[in-house]
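**Q** Structure, please.
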Amino acid sequence: MVTIVLKGLRDTEEFGERLGNILKGGDVLSLTGDLGAGKTTLTKSIGKGLGVEEYITSPTFALINEYNGRVKVYHFDVYRLDNVDDLYDLGFEDYFYSDGVTIVEWGDRISELLPEETIHIHIEKGKELDERIVTISGEGERYSQIVKELREI
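**A** Have a look, this model is predicted:
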């Protein structure tokens, strides 16, 4: 597990872009944290690092948005999901096990459906107004590679 303290919006954006630059097709991220913690802000920055030029918005009512970057980016927001069966109807496996990068806001709500090697990112508000505490956890080789590369930057 790795904990990073981000001192403001610019730190969050820079962290997200760095992470996006490291990610590759097949990676799945689960973002968790309270409302307003910065999950969508982080997703926008990750998208930028992945080469997405479109404006990234939260798919709260659409459930999923797709973007083109150097790989496809699938952005889920499962906050309003009534039942995990809705994800089966959507064919979530086609996204989670694809050549794209999948980012799931509120991933803890569907933890039983996430791949084993999902990268878990928890965001908490810090003591200062724009401070965020980011905890990254996961298992497997890909998690280890991502953490190693984040530390090298």
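
**Q** after the worst-scoring helix or strand of the chain on mean pLDDT, next one along is what?
**A** When each helix and strand of the chain is scored by mean pLDDT, DSSP states H and E, helix 85-90 comes last, with a mean of 82. Following helix 85-90 in sequence order, the next helix or strand is helix 92-96 (DSSP states H and E).

**Q** Just checking: what are the partner strands of the next helix or strand after that next one?
**A** Tracing the chain C-terminally past helix 92-96 and defining elements by DSSP H and E, one meets strand 101-105 next. On the basis of DSSP bridges, the sheet neighbours of strand 101-105 come out as strand 28-32 (parallel), strand 72-77 (parallel).

**Q** Format these as CSV; extra columns: mean pLDDT and mean neighbour count.
**A** C-beta: built from backbone N, CA, C; applies to glycine. What follows is the strands paired with strand 101-105, written out as CSV (pLDDT from 0 to 100; neighbours: other CB atoms under 10 Å):
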stretch, mean pLDDT, mean neighbour count
strand 28-32, 97, 24
strand 72-77, 95, 24
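
**Q** And those: which comes nearest Val147?
**A** Taking CB to CB as the criterion, Val147 comes closest to strand 28-32 out of those, the separation being 13.1 Å.

**Q** Please consider this matter closed, and thank you.
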